[in-house]
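> Fold the following, please.
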Amino acid sequence: MLQLLTASAAAHGPVNPWVALAYLVAGVFFILALRGLSSPVSARAGNRYGMAGMAIAVITTLVTHLNADIWEIAIAIAIGAVIGLVTARRIAMTAMPQLVAAFHSLVGLAAVLVAGAAFLNPDSFGILGADGTILGVSRIEMALGAAIGAITFSGSVIAFLKLNGNMSGSPILLPGRHIINLGVLISILVLAGLYTAAPGMGAGDGYYFPVIVLLAFAIGFLLIVPIGGADMPVVVSMLNSYSGWAAAAMGFTLGNTAMIITGALVGSSGAILSYIMCRAMNRSFISVIAGGFGAESGGDSGGGEKIDRPWKRGSADDAAFLMKQAETVIIVPGYGMAVAQAQHALREMTDILKEEGVSVKFAIHPVAGRMPGHMNVLLAEANVPYDDVFELEDINSEFSQADVAFVIGANDVTNPAAKTDKSSPIYGMPILDVENAKTVLFIKRSMGGVGYAGVDNEVFYRDNTMMLLSDAKKMCEEIVKALG
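Below you'll find the model as predicted:
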């Protein structure tokens, strides 16, 4: 890394110490932003730190590149700012995962475009050697940045389509996909090596780079298509990491320290988060990339095994009575809450229960929803107190003392098959032990479907479970009326 930094600095000339200091300050703000975003309590401060760091980085870059057409840059910034502002104001919190995927795709595409511009006009980037060809170190940066960026772009597009419902969330398994993926990846690495070692623009050198980009676009598509909906939190985190490494690689090409620092921070934090997500599912990163939950059963296509057993149906009045008589209620939100946008009605319900003297807590599984922290974001939007929200490892032991476990569409993360059925695609994944509560109230639209993992949940058929078949928001509103 030090050699690469030294070579890049030599290619772009000495850095103004004031510019280096400004970029260092921006980097510190970015670190503070990540620190702040690690908790809902400090998330707003973290966002402000990130905005301040980005403002410093952008202003410094503009000041040091006065030879550029400032009006063109200003127009581009204005267009991007308007699009970002309108999108942020209009987007529903339930659509946040696909918005994040869309942002990742833009970062990846930007990296590809920068690398392409450097390839077509290297003199403007200051990366030409004495022999009139692109420097070897710059070729490495361009090949890496463009390849990672292209993978990020096409992979994020597929993730967006899956999350947005334009494409089935079920894994799409291509015949021989592992061999195809491995072959494409090896081809990219070989071509990158040939491009780096090529003596000039002749003898096919001019074709290496565009072929690398095309293959990278293809592998991004091939990697994400087989991944099912249950693994989407890991996919979103993984693509976030990819976008960071693509930006860092382009930072070397542009000789921009801020991009290198920011990209490295995003890349490393995304990788760590992906590792945490995989641990939460007791799965390896490779197993996620190789194909998601439900790969054999067909994901959310409904092809999972259905258990034909009697079950008990309850009403809003039943649920209201049981929770009003309870001392402790633990609420487990899942994607069903997000789809129905039930978080505000749920907050109203918990307020009434607290007024009745009931202790109410929220249990969050690390992979509930479609992106890391999805449930935390939705609950924060509804102003649920942070002190009432607990992670799996902090609250799991309390279900055995709880009077009621109130589950809202969290199928896979509450399924005991993860502990008992070795043939289940979710076997080994830590779950929330809702079945240990005295009573389980489970909101589900119908008994006909299965979760994204493609397997039925045996909790539905337990003696202590009462199924509340309805839209989550409607059911919560009816419970609120019954409590009143």
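> Tell me the buried residues in the helix or strand that contains Gly53?
Assigned by DSSP states H and E, Gly53 belongs to helix 43-63. By 16 or more other CB atoms under 10 Å, the buried positions in helix 43-63 come out as Ala43, Gly46, Tyr49, Gly50, Ala52, Gly53, Met54, Ile56, Ala57, Thr60, Thr61. All C-beta atoms are positioned from the backbone trio N, CA, C, and that covers glycine.
> Could you pull out the strands in the stretch 201-350 of the chain for me?
Counting by DSSP state E, counting those that start in this stretch, the stretch 201-350 of the chain has strands at residues 328-333.
> just to revisit the earlier point, from the chain's centroid, how far away is the helix or strand that the helix holding Gly53 is followed by?
Downstream of helix 43-63, the first helix or strand assigned by DSSP H and E is helix 70-90. Distance of helix 70-90 from the chain centroid (CA atoms, centre = their mean, to the nearest Å) equals 24 Å.
> Restrict helix 70-90 to CA atoms and write it as PDB.
C-alpha atoms of helix 70-90 as PDB (Å, rounded to 0.1, in the frame of the first residue of the first chain):
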ATOM      1  CA  ILE A  70     -16.400  25.900 -12.700                       C
ATOM      2  CA  TRP A  71     -19.900  26.500 -14.200                       C
ATOM      3  CA  GLU A  72     -20.100  23.000 -15.600                       C
ATOM      4  CA  ILE A  73     -19.200  21.600 -12.200                       C
ATOM      5  CA  ALA A  74     -21.600  23.900 -10.500                       C
ATOM      6  CA  ILE A  75     -24.500  22.800 -12.800                       C
ATOM      7  CA  ALA A  76     -23.600  19.200 -12.200                       C
ATOM      8  CA  ILE A  77     -23.600  19.700  -8.400                       C
ATOM      9  CA  ALA A  78     -26.900  21.600  -8.600                       C
ATOM     10  CA  ILE A  79     -28.600  18.800 -10.600                       C
ATOM     11  CA  GLY A  80     -27.300  16.200  -8.200                       C
ATOM     12  CA  ALA A  81     -28.300  18.200  -5.100                       C
ATOM     13  CA  VAL A  82     -31.900  18.700  -6.500                       C
ATOM     14  CA  ILE A  83     -32.300  15.000  -7.300                       C
ATOM     15  CA  GLY A  84     -30.900  14.000  -3.900                       C
ATOM     16  CA  LEU A  85     -33.100  16.500  -2.000                       C
ATOM     17  CA  VAL A  86     -36.300  15.500  -3.800                       C
ATOM     18  CA  THR A  87     -35.500  11.800  -3.400                       C
ATOM     19  CA  ALA A  88     -34.700  12.100   0.300                       C
ATOM     20  CA  ARG A  89     -38.000  13.900   1.000                       C
ATOM     21  CA  ARG A  90     -40.200  11.600  -1.000                       C
END
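> Quick one: mean pLDDT over that helix.
The pLDDT scores in helix 70-90 average 86.
> coming back round to it: between the buried residues of helix 43-63, which is nearest Ala258?
Closest to Ala258 out of those is Ala57 (4.1 Å), distances taken as CB to CB.
> What are the buried residues along the longest helix along the chain?
In the chain, taking DSSP state H as the definition, the longest helix is helix 136-163. Within helix 136-163, the residues scored as buried using 16+ other CB under 10 Å are 137-163.
> packing partners for that helix?
Here helix 136-163 touches helix 2-12, helix 96-120, helix 177-197, helix 205-224, helix 232-254, going by 3 or more CB pairs under 8 Å, 6 or more residues apart in numbering; DSSP states H and E.
> any chance of those helices in a markdown table, with mean pLDDT and distance to Asn396 too?
What follows is the helices and strands packed on helix 136-163, written out as a markdown table (pLDDT from 0 to 100; distance: least, CB to CB, whole Å):
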| stretch | mean pLDDT | distance to Asn396 |
| --- | --- | --- |
| helix 2-12 | 47 | 45 |
| helix 96-120 | 90 | 25 |
| helix 177-197 | 89 | 35 |
| helix 205-224 | 89 | 31 |
| helix 232-254 | 87 | 19 |
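> mind giving me the domain split of this structure?
The chain is divided into the following domains under automatic domain parsing: 95-290, 316-483.
> now the shortest one, how far from the centre of its chain.
Relative to the mean C-alpha coordinate of its chain, domain 316-483 is positioned 22 Å out (CA atoms, centre = their mean).
> Tell me the one of the buried residues of helix 43-63 nearest Ile79?
Relative to Ile79, and with distances defined as CB to CB, the nearest of these is Met54, at 16.9 Å.
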